[in-house]
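*Asks:* pasting the sequence and the predicted model now:
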Amino acid sequence: MLDVVRLRVLLAVARKGSVTAAAKELHYSQPSVSHHLARLEAETGARLVQRVGRGIRLTEAGWLLAERAAEIIGRLDDAAEELAAHVGLRTGRVRLAAFPSSLGTFVPRAVTALKAGHPGLRLDLTEAEPPQALRLLRAGRADVAVIFRYDDTAPEERGITMIPLMDDPSYLVADRPVDGDLAAHADASWIAGCERCRSHLLDVCARAGFAPRVTFTSDDIVAVQALVASGLGLTMLPGLALRAHRHPGVEVAEIAGSTRHVYAAVHGEPPHPPPTEALLHALRKSL
């Protein structure tokens, strides 16, 4: 059976003419789009895209499937709209668990849009780092979990559908101007964050050839930046954290090759209940 998400990806590539433009429209990363295309080719046994210079174009089989995908997705979207209208979305509840810096940036916009579009829908919101958010999701205590993971993070358990929202680069944070060369700071004191961020810091520093000397640990981005501004060490923070709060006494520099990927995680495969789909739509539109 063909995967509807991958059909949507193929249709976006056909409509936009490139992986880059399709990724932007879908709020996916480019590697995610390429991965979905490759999986769709494996499912169909047909070559759907071919490289042309630095870009790609659909093959004859790709165009045929894209045309059918437009019909299928159109009917599915119509059915979802009809069902939502029938069920109402004027009543009901949807539960969201999200990590702190997402709550300080794009999640409030999504919540505002959701409430404006569905004023009768009740939203329960919980702050939770990714491991806890996923536990809530698996336990049926959350409908959507906004999480992040790094390339070196262990894969999530089967049964969880990961919907890409954005890529979030990491920054070296110091009390003085710095560049993003971690190896130049091998002898510095370091301040680590939450468990998943701390693990990533250790991995990134290991790739730079040293083990960081961690002298403080806190998952409070306000406290971490205050410690840095006081000259007590360096830290590594993602862009969303700096957008949520930036201490006036710190300087930052982007770290090449250190990006976390932000997802909306749901349990099981689509279609999801209308309140969940409405929240997912609001999250994608908030970025």
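*Replies:* Received the coordinates, thanks.
*Asks:* show me where this structure has its helices.
*Replies:* Here the chain has its helices, by DSSP state H, at 4-16, 19-26, 30-44, 60-87, 100-103, 107-117, 130-138, 195-207, 221-229, 239-244, 274-285.
*Asks:* by contact count, what packs against the second one?
*Replies:* Packed against helix 19-26 by the contact rule (3 or more C-beta pairs under 8 Å, 6 or more residues apart in numbering; DSSP states H and E) you find helix 4-16, helix 30-44. Any C-beta I mention is one placed from the backbone N, CA and C, and that applies to glycine too.
*Asks:* what is the neighbour count of Ile191?
*Replies:* Ile191 has 24 neighbours, counted by other C-beta atoms under 10 Å.
*Asks:* and the one 10 residues further on, by the same measure?
*Replies:* Number of residues near Leu201 (other C-beta under 10 Å) recorded here: 21.
*Asks:* touching, it and Leu234? I think so.
*Replies:* No - with contact defined as C-beta atoms under 8 Å, Leu201 does not count as touching Leu234 (10.0 Å).
*Asks:* give me the common contacts of those two.
*Replies:* Residues touching both Leu201 and Leu234 (C-beta atoms under 8 Å, 6 or more residues apart in numbering): Trp190.
*Asks:* related to what we said a few turns ago, most tightly surrounded among the helices and strands packed on helix 19-26?
*Replies:* helix 4-16 (a mean of 20; mean count of other C-beta atoms under 10 Å).
*Asks:* that one to helix 30-44, inter-axis angle?
*Replies:* 110 degrees (axes from the mean of the first three to the mean of the last three C-alpha atoms, to 10 degrees).
*Asks:* which residues touch helix 4-16?
*Replies:* Counting by C-beta under 8 Å, 6+ apart, 19, 22, 24-26, 28, 33, 36-37, 39-40, 43, 48-49, 56, 58, 62-63, 65-66, 69-70, 72-73, 76, 270 sit against helix 4-16.
*Asks:* go again using 6 Å as the cut-off
*Replies:* For helix 4-16, the surrounding residues in contact (C-beta atoms under 6 Å, 6 or more residues apart in numbering) are Ala22, Glu25, Leu26, Val33, His36, Arg39, Leu40, Leu58, Ala66, Ala69, Ala70.
*Asks:* so for it, mean pLDDT?
*Replies:* Helix 4-16 shows a mean pLDDT of 89.
*Asks:* what does stretch 43-61 give?
*Replies:* On average, stretch 43-61 scores 86.
*Asks:* in it, what counts as buried?
*Replies:* The neighbour-count check on stretch 43-61 (16 or more other C-beta atoms under 10 Å) flags Leu48, Val49, Ile56, Leu58 as buried.
*Asks:* cool, stretch 135-150 as well?
*Replies:* Buried residues in stretch 135-150 (16+ other C-beta under 10 Å): Leu136, Leu137, Arg138, Ala142, Asp143, Val144, Ala145, Val146, Ile147, Phe148, Arg149, Tyr150.
*Asks:* quick check: the farthest pair among those residues?
*Replies:* Checked with C-beta to C-beta, the buried residues of stretch 135-150 reach their widest spread between Asp143 and Tyr150, with 24.7 Å between them.
*Asks:* so where's the protein shaky on pLDDT?
*Replies:* 78, 80-91 (pLDDT under 70).
*Asks:* turn the helices and strands packed on helix 19-26 into a markdown table, including distance to Glu127.
*Replies:* Shown next, in a markdown table, are the helices and strands packed on helix 19-26 (distance: least, C-beta to C-beta, whole Å):
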| stretch | distance to Glu127 |
| --- | --- |
| helix 4-16 | 28 |
| helix 30-44 | 26 |
